[in-house]
Structures are given as C-alpha cells and as structure tokens.
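Undergrad: Please work out how this folds:
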Amino acid sequence: KFETFPKMAAPISKLIRDEILDNLTRRKEKEVVPFEEITNAYTRTFETLDGLRQKSSQAAYECEKFKQELYALQLQVDGGANVPTGKASEKIRELEQRLFKAQEELTDIHRRKAENAQLVIDLNHSVQEKDRAISQYKTDTAISDTELRTAQSEMRRLETELSEVKSINKMLTDEAHAYSLQVSTLEDRNRALEDDNRTVTQRLLALKSQMADKLNFENELFAMRRDQKIQQELKEASTTLEVNETEQQKISPTPILPISIPDTVRVKFEAHDGEVNAVQFCPSGKYFATGGSDRKVKLWERVGFTCQMIGMLTGSNAGINSLEFDSQESYLLGASNDFASRIWTVADHRIRHTLTGHSGKVLAAKFLGDASKIVSGSHDRTLKLWDLRNRACTKTIFAGSACNDLVTFSGGQYGNIISGHFDKRLRFWDIRAGSSTNEIILMDRITSLHLSPDGLQLLSCSKDNFLKTIDLRMNKVMQTFSADGFKVAYDWTRAIFSPDGQYVVAGSQDGSVFLWNTTTTHLEKVIKEHGSQVIACSWHCTSSTLITTERNKKVIIWTNSYDG
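TA: Numbers count the residues shown, from 1 in each chain. Prediction:
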C-alpha cells in the first residue's frame, strides 16, 4: 500500500512524513479493520461447508453401501438361500436402523448445508457491499491522491517562493543596514548643523538686539529732534488764534483751498514686504502711516519726490488691517489679524497697550471720542469697547455677523457707532444701552465705511461693486456710485470721502483708482498706475494729495498736475 504513493522527488520535511503516516494509518483503519471479521467468518463458513460436504459424501457412500447390502440380503431371501431366518431378520433390522440413521444424518447434513448456503449468500451480499465501499474508498483515495499531488506541487511552488522571499528579505536587510548607516551619518551631520544653527541663532539674536538698540536710539533721537522742533516753532509763533474748546481738540484744519482731482504720480515706492492693507494721514497732514501683512507699521514723511521712513512700529504678530491716529497725534491705533488691537505712542514709537480678547481677526478699530476709549470689530461677530485707563474691556456687544469696518461719531439720532458687516447690514449702536438702534440692509457684504467731513453722510463700499451714501438724518440711501470696470477686490477694500466732501474714491481689482463727484454721482476720473489690486486710500486734509496702496508692496502718492 505504501507503493501507491509516488516517490517524492525532493526530501520531505518531518511534518510532511508524519502527515503521510497518519493518512496511511487512517486508511488501514478504514480498509482493513472493518473487513477482518467478515473475512474470518467467510473463511470459517467455507471450512465448515467443506467438512459437511465430506460428511455428506461419506454418509451417501455408507447409505449406498447399506442399500447394496440390503439388496443382496433381499435377493438371498427371495432366492430361498439357506440363511438362518432369525439372523437374516436381525441383520436386516440392523441394516435398516443403520440406513435410517444414515438418512437422518443425511437429512441433517442437507439442512445444515442449506443453512450454510444461506449464510454464504448473506456473506456474499455483505462482501459485495464491502466491495462497493472499497470501490468508493478507492475512488476517494484516487481523488485524495490527486489532491495530494496537487498539494505537493503547490508546496514545491511555495518552497520556491519562500526561497525567493528569503533572498529578497536578505537583500532588504542589507539595504536597511546600509540605510541605518546613512541615517547615523545624517544624524551626525544634523547634530553638527544644529550646533551651527544655535551658534548662528545666537549671533542673529545678538545682531537683532544691537539693531533694536540702534532703532530705539534713532527713535529717541527722532523724538528729541521733534520735540526741539516743536519747541522752536512755539517760540517763533507770533500770534495766537482764538478757538473754542471743541476746536482745540482737533489739529486738522478745515480745508481752505479748493480740492482738485489728483491725476499725477508724485511718488511710488515699496513700503512693505507684502500687501499694504492700511494707510492713514495724521490729522495735521505732516506725515502718514502704513500697515502691511509683514506685521509692521511704518511712519513716512514726503520730501519732494521721495518718501522717507521716520519710524517703524513693531510688536504685532500678524498683518495690520486698519490704522487711526487720535486727534492729538499722540497715539496710533492698529487692528491686526492676531485677534488683537495695539496702541503705539507716536513720539517714541513704543507699544503702550495691547488689547486682546477677540477670537477672530480684528479688521477695524477706532478711537471713541477721546484717546482713552476704543471700539474694535472682529470676525468673531462681536464689538468690544475698551477703556485704556483701566486697561480692560468694558463691554462686549454681539453683532451677529463678522464686522469688516466701523466708524464713530458724537451724538446722532441712532447712536455713536456704526458697523458694517458680512451679512450686508449696517448696524447703528448706542454704547450706553449696548444694543442696536437701527439697521440698514444693502445688496452685498460691506467692506468699508467712512463719514463725510460734515458728519451728515456715511459712505459705504460693498462687494456688489457699488458705493453708496446714506443720509444719517433721514436714515436712507441717497446716492449710488458705480462704473464699468470697477470691481471691489477684498472684503477689506476701503473707500473714502475727499476732505471737502465733493468726491468719493475707491480702488479696483485691476489696479485702477476711481473718483466720483458726490454732487452729480458721475465718474470724474480713473487713474491707473498700480500693477495689482488697490486696497486702501487716504486723502490729505488740506490738499489734493491722495495716497493709495496695493497688494504688491507698493504705495503711490498722487497729486494734481498743478500742485507742487
């Protein structure tokens, strides 16, 4: 039976040999053990049958012999032979008894023969059933042999694949070892570079410290010179003007010369490393401030056809969005994207206050009445009122929508703060009540607000590319300004009135600056010099000088061609 399995071409592992031995043992238990009893019974039956056949033949022979003797005796009796009658009769009876006994034995033998024949038939049926079972088992065994050969082939294929995998694994192990050596080398280089970086950083910090000391010295020197200049101007003053207490709080003089439309580029320069988001003239118009995405606020003074930086205000952690001077030019307020507003002193360029508390970028911050109160508007949909004397937020107003710009003014029918929002609404606030007193809905989200010089009109700019003036006494839109090609670029694009209120100006996405007449609402002029989107603008308080800023670092100062 072991010869029925094909001889393996390659040595088989101990596990495979054990499995084959188990299969052969199970096969023996199925094919040999169940038939042993039947085979033995069959053998015993045939042996018994052969014995009975021999006895039957012997009995038949003896019966035939008795018949012949009986026949001979009968012939002797019939022939009148001289046989003693008594002895003959006794012999006949003996023979008849022996014949009867032989017939009984023969009958018993035939009965046992019939029984054995039936047993043989039953055993034959059982053998046939076992033969069928053996045939089925042989069929199953053949299938199992086929499956075994298939499994052996698959095993050989898997062994080949395993050998290939082992080879690949060895190759990958060698590569990993090589990479480990490279990583170790790179880590050594990285540690060396980190040491060099720390050294360079320390040197850079030292240089920055020196630069900061130098900048502080220059700022202090500038402040000293400015104070000396102011003192000299005060000494040289020959006359004094009589003004009331209200006018004394305002340094900005009322324009006495007619304002003409600026149409000529006087100065063009790069002010910041990135977008210039805010620009603002000081109330006296002697200098102006710019704020950019580089987190810096710079003070500039125009000298002929150039601009000189006279101070740099630092401390913001993100881009500057809006700027405003107080009425005395003592402080500069800036709103930034780091969720805070900051106040710098103009004289020494130092931070005096940092106002934190918003949870979104602050796009607008304004002085409220005097330099000790401030209102800020944020993308977190709140307005916050600040008291610088207490250095605290005194009130938080939930506006319901992100605030893009706001203005403040004294008195008014609808409160003293107006805010413009992402949800297209102008909201009027009474700070005493801390609630909105009125709302005006425009056609799209509002990007900027600006009060007219007389404080009676409000200019709004919105993303639907329209500028509108709202009469604050009548509480309704009075004028709408638009033009072909005018497109508002950002949610913080600013539009303003001219100092005399005769014009409104706003920058466009294509780099153009549009100026409209507030009397006729007609487009008066389009001036273009910027190479990217115009963001903010500021008009000098007494002249035709206009400053515009753009996305790509540039600031342009415009004047009328007749101005110096």
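
Undergrad: Each with direction, which strands does the strand or helix carrying Ala289 pair with?
TA: Counting by DSSP states H and E, the element that carries Ala289 is strand 288-292. Looking at strand 288-292 with DSSP bridges, its partner strands are strand 276-281 (antiparallel), strand 297-303 (antiparallel).

Undergrad: Lowest average confidence across those strands, which one?
TA: Note on these: lowest mean pLDDT is at strand 297-303, with a mean of 92.

Undergrad: and the helix or strand following it, average pLDDT?
TA: Per DSSP H and E, the first helix or strand lying C-terminal to strand 297-303 is strand 306-313. Average pLDDT, strand 306-313: 92.

Undergrad: in strand 306-313, what's buried?
TA: Using 16 or more other C-beta atoms under 10 Å as the test for burial, strand 306-313 gives 307, 310-311, 313. All C-beta atoms are positioned from the backbone trio N, CA, C, and that covers glycine.

Undergrad: got it, and stretch 546-556?
TA: For stretch 546-556, burial by neighbour count (16+ other C-beta under 10 Å) applies to 546-551, 553-556.

Undergrad: and what of stretch 125-141?
TA: By neighbour count on 16+ other C-beta under 10 Å, the buried set for stretch 125-141 is 127, 130, 134, 141.

Undergrad: How much space separates the second one from Asn40?
TA: I take that to be Lys130. According to C-beta to C-beta, to the nearest Å, Lys130 stands 13 Å off from Asn40.

Undergrad: What of the first one?
TA: Distance of Val127 to Asn40, given as C-beta to C-beta: 13 Å.

Undergrad: do Thr394 as well
TA: Going from Thr394 to Asn40 by C-beta to C-beta gives 115 Å.

Undergrad: follow-up on the earlier one: wait, which of the buried residues of strand 306-313 is closest to Thr356?
TA: For the buried residues of strand 306-313, the closest approach to Thr356 (C-beta to C-beta) belongs to Leu313, at 17.5 Å.

Undergrad: May I have the residues that are in contact with the closest one?
TA: By C-beta atoms under 8 Å, 6 or more residues apart in numbering, Leu313 lies in contact with 289, 296-299, 332, 334, 344, 349, 351.

Undergrad: repeat that with 7 Å
TA: 297, 332, 344, 349 (C-beta atoms under 7 Å, 6 or more residues apart in numbering).

Undergrad: For it, list each beta-bridge partner.
TA: When bridges are called by DSSP bridges, Leu313 pairs up with Val297.

Undergrad: Same check on Phe269?
TA: Val555.

Undergrad: can I assume it is in contact with Met309?
TA: No: with contact defined as C-beta atoms under 7 Å, Phe269 does not count as touching Met309 (9.7 Å).

Undergrad: got a winner among the contacts of Leu313 for most neighbours?
TA: Val297 (26 neighbours; other C-beta atoms under 10 Å).

Undergrad: so how far is Asn277 from that residue?
TA: Note on Val297: its distance to Asn277, by C-beta to C-beta, is 11 Å.

Undergrad: Overlap in contacts, those two.
TA: What both Val297 and Asn277 touch, as defined by C-beta under 7 Å, 6+ apart, is the set 291, 320.

Undergrad: before we move on, the earlier item: what mean pLDDT does the strand holding Ala289 have?
TA: Mean predicted lDDT for strand 288-292 stands at 96.
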